Structure formats: structure tokens, C-alpha cells
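Student: What follows is a predicted structure for the sequence shown.
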Amino acid sequence: MSDSWKGLLNDLFTLAFLIVVVVIPIRLFVVSPFVVDGESMHPTFENLDYLIVDELVYDFKTPARGDVIVFRYPGNPSVFYIKRIIGVPGETVAIDHGIITVTAADGTRQTLAESYIVNEDATYTKNVILSADEYFVMGDNRPNSSDSRVWGPLPKKNIIGRVDLRLLPVTKTGLFPGATTYTAASTTL
């Protein structure tokens, strides 16, 4: 066998080894791709946006209000959804004609200023108390989103991970797309 064939075989073996040892474990246990299907997160994410989901982040920290997450739909775990966390465990989420107020267990209240929403939905009025492992999630396109208002709180066990990167479309590529901070003033009852 010639030296060029030996070199080619060596390169192919090295590539295969790297794929098995590095790429596959990263894909299986660290990050996964996700393609947005639908308009429930408009204008933050559009149909066919290609995202990368961090599957390890919640092994080291708890999901937080404002995080955009991918999860298994509680009604059919083979279906994946993308939504934004609005309420975290132990809180009461109150929706009054589209205005969301979150009350913590200690009585601290916060009315959410949601600048990322284009389509306000003033038709919902609801109060939900979240248990120790439940989250309240909603799409940014409220009138066109099947979310916790419809099917109830999301169990923590259904969360796959946080959206940390948008790859496509190229013009919107970036880290932590959809990240937001809530700056509304809190009040104690």
C-alpha cells in the first residue's frame, strides 16, 4: 500500500474517531438543533428559524423567567414546543385582560413589561398557582399560541433546554436570541 493511501486511511480513521468521541456525545448530551415550526413566538422567532438548544444549562441553574425554552408538550411528549417562561415554581400568575402579574410566595408582586410582544391578547383572564416543579410558559404571539393558558403548567421534567443560539436566518444569527430582563417595579402586598 502506498504512503498516500496510508495517509488517507489515517485521516479517515482520525475523522471517524473524532466524530464518535467528540461530535456525537456533544449532540446527544450537550446541545441539539431545533427548527421553529409555526408563528407562536413571532416576532422573536419566525417559522423555520434554526436554533441551538443548550441541554445542560438547567443541570447547573434553575430555569428563569424570560428564558426561551424548548420542551416536550405535556399532552404528547413526542411533540416539541418553544415558549418563554413567564412564571416559576411557587408563584401565582395572574392574567387580567392581557396584563400579567406574578406574585411570589413572599407576597412580592411584579407586573411584567413585555416589550417583545407585538400582538397583545386582552381576552384572557386567569389565575394559576404553580407547584414546586411547574412553570407557566407562553408564546410571544399570544393570540396564536397554544401554551400554559390552554393546557396548564409545564412540568420541569418536560424541559429540554434553553435556546442559546440562532444560526438561521444568517441575518439574525446571534447568541441568546430572545433574551430579556424584566425591569418592572416590584411591590409587596
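Tutor: Received it, and whenever you're ready, just let me know what you need.

Student: what's the burial count for A105?
Tutor: 11 (other C-beta atoms under 10 Å). All C-beta atoms are positioned from the backbone trio N, CA, C, and that covers glycine.

Student: residues contacting L51?
Tutor: Neighbour list for L51: P33, F34, V35, V36, F45, V70, I82, V163, L165, R166, L167, P177 [criterion: C-beta atoms under 8 Å, 6 or more residues apart in numbering].

Student: and the residues you listed as a markdown table, adding neighbour count and distance to D3?
Tutor: Converted to a markdown table, these look like this (neighbours: other C-beta atoms under 10 Å; distance: C-beta to C-beta, whole Å):
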| residue | neighbour count | distance to D3 |
| --- | --- | --- |
| P33 | 11 | 39 |
| F34 | 18 | 45 |
| V35 | 12 | 44 |
| V36 | 21 | 49 |
| F45 | 24 | 51 |
| V70 | 21 | 48 |
| I82 | 26 | 51 |
| V163 | 26 | 48 |
| L165 | 16 | 42 |
| R166 | 21 | 45 |
| L167 | 14 | 39 |
| P177 | 18 | 48 |
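
Student: Reformat those as a markdown table; add secondary structure, distance to T92 and pLDDT.
Tutor: Putting the contacts of L51 into a markdown table (DSSP: H, G, I helix; E, B strand; the rest coil; distance: C-beta to C-beta, whole Å; pLDDT from 0 to 100) gives the following:
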| residue | secondary structure | distance to T92 | pLDDT |
| --- | --- | --- | --- |
| P33 | strand | 35 | 83 |
| F34 | strand | 30 | 84 |
| V35 | strand | 34 | 86 |
| V36 | coil | 30 | 91 |
| F45 | coil | 28 | 93 |
| V70 | strand | 25 | 96 |
| I82 | strand | 25 | 96 |
| V163 | strand | 26 | 94 |
| L165 | strand | 33 | 88 |
| R166 | strand | 32 | 90 |
| L167 | strand | 37 | 86 |
| P177 | coil | 29 | 88 |
